[in-house]
Every structure is written in C-alpha cells, then in structure tokens.
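> Curious how this folds, go ahead:
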Amino acid sequence: MASDPLHDSAEIAKAAADIVKTVPIYQDAIQPVAKQIGTALETVGKAVNLALFPITGAVWGYEQIKEFVQTKVTEKLQHVPPENIIPPKANIAVPAIEALRYSGSEQQLADLYANLLATAMNKETASGAHPAFAEIIKQLTSDEAKITKLFAHNIPFPIINIA
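Okay, the predicted model is just below:
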C-alpha cells in the first residue's frame, strides 16, 4: 500500500518536536546560539539604519519637489511670455521630477533638471527637450554637471596632446 507524503511529513515533524521536548540537551545547545545570532542581526540592523539615516534626509518628498519646481522652473521661465508656456510632455517631466527625489539636494543636478523642465515647458524650445536627457542627467555627478555648464558658452577650449 502506498504511503501518503503529507501524512509522512506530519509524522516526521511530530517526531522531531517530541525529541526536542524529551531531550533537553538540544534546546540547551540551540538556544544560546539562537540568542547570539539574534543579537548579531540586531547589531547589523542598527548599523545599517545608522548608515542610511543621512540619506533619508537627502531623499526629497512631494512638498520639496513641488516647491523646487514652483520656484526654480518659474525663475527660469520668467522671461517667457505666458502664452508660450505649455505643459511638458510626461515622458520628459515625470522622469525629471522622479529623479529630483534622489538628487534634488545636489544643486548642480537640480539645476539641470530645472533647465530641462523649463525647456520642455517653453513652446519655442520644447522640441529641444529630449526624453533621454533626464536619464543622462541621472548618470552625472555634481562635478560633471559643473563641467557640462562650461559647454553652454561658445568659447574655445584649448586641447593639449602630450606624446
């Protein structure tokens, strides 16, 4: 007659529980180890929380993003006639605004996102705002953002080759 796997599993689990109950040496051997593991995990958890704490303040919430967009983007569009201000395309605005959550506290990067949003909201310049720009900005550091601003000016850059 074939055995029932569920019944066999239940019997094995019951037998293991009975062994632990009847032979206290297993409980005595396992309990201190379990306590040490729990303490170690608690210590690691505290260290992770402590290490991540500064970042929680750097992640912007809705209110910070809203205020940034209202002030910075408005400032960048102040000389644009109101009839030329249009809603930005979602495939440009949403990634830019979402990226501000993580990099809004870095002024150089935030300025690039504000420029992108302002460009996308100006009827005369909107065609120059490409959806990939938000992704490109995401890949930059603050120092690299500073360097990109140098290219906005039409000045010659000397090149030196040292052989």
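> Which stretches in this protein count as helices?
Counting by DSSP state H, one finds helices in the chain at the ranges 5-22, 24-58, 62-68, 74-76, 90-103, 107-121, 132-138, 142-150.
> For the fifth one, list every residue counted as buried.
Going back to what we said before, that points to helix 90-103. Counting neighbours by 16 or more other C-beta atoms under 10 Å, one finds that the buried residues in helix 90-103 are 92-93, 95-97, 99-100, 103. Backbone N, C-alpha and C define where each C-beta goes, glycine included.
> Kindly report the same for the last one.
In terms of neighbour count (16+ other C-beta under 10 Å), helix 142-150 has its buried residues at Ala145.
> Run through the neighbouring helices and strands of that helix.
Counting contacts by 3 or more C-beta pairs under 8 Å, 6 or more residues apart in numbering; DSSP states H and E, helix 142-150 packs against helix 107-121.
> how big is the angle separating the helix it packs on from helix 142-150?
50 degrees (axes from the mean of the first three to the mean of the last three C-alpha atoms, to 10 degrees).
> tally of neighbours for Trp60?
The tally of other residues near Trp60 (other C-beta atoms under 10 Å) stands at 19.
> quick one: it and Ser105 touch, right?
Yes: applying C-beta atoms under 8 Å, one finds Trp60 in contact with Ser105, separated by 6.9 Å.
> Show me the shaky parts of this structure.
Scanning the chain for pLDDT under 70 picks out 1-59, 157.
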